[in-house]
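Have a look at this fold, sequence not included:
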């Protein structure tokens, strides 16, 4: 799963958004434009090739000067499935690139 392939599928509207991602997007105030902007300008921050549900990755992108994390994988038809989307923040994240150890900031 490479970032250029993901970007191309998003450009071609070959993606779907899970119900969970849709709920998180709404709760975080992330618009569809924010989501697409973040993916198209984003990079893979973490890859999960051995995920039991299928290979997936965490994308870090930006929209409106704020970081956005997007977890995505493939559907059975090789479309991109956006699994979740959120704004990285404490206590789970120290910053948009660095996870807190055990989901907590060390004192």
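Everything's here; your move. The model shown is predicted, which means the values in this text are computed figures rather than measured ones. Numbering: from 1, shown residues only.

So what does the nearest residue to residue 14 once chain neighbours are set aside have for phi and psi?
The shortest distance from residue 14 to any non-neighbouring residue, by CB to CB, 6 or more residues apart in numbering, is to residue 79 (4.7 Å). In short, each C-beta sits where N, CA and C put it, glycine included. When quoted as degrees, to the nearest 10, the phi and psi of residue 79 stand at phi -80, psi 170.

Verify the stated contact: residue 79 with residue 17.
No. Applying CB atoms under 8 Å as the test, residue 79 and residue 17 come out as separate, 10.8 Å apart.

Of these two, which one has the most company?
residue 17 (20 against 14; other CB atoms under 10 Å).

could you pull out the helices for this structure?
Here the chain has its helices, by DSSP state H, at 3-11, 19-28, 32-40.

I'd like those helices as TSV, with mean neighbour count and distance to residue 88 appended.
Output for the helices of the chain, formatted as TSV (neighbours: other CB atoms under 10 Å; distance: least, CB to CB, whole Å):
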stretch	mean neighbour count	distance to residue 88
helix 3-11	15	18
helix 19-28	15	10
helix 32-40	17	12
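
Would you mind giving these as CSV with distance to residue 92 and mean pLDDT added?
Output for these, formatted as CSV (distance: least, CB to CB, whole Å; pLDDT from 0 to 100):
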stretch, distance to residue 92, mean pLDDT
helix 3-11, 23, 97
helix 19-28, 13, 96
helix 32-40, 18, 97
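
Sounds good, over and out.
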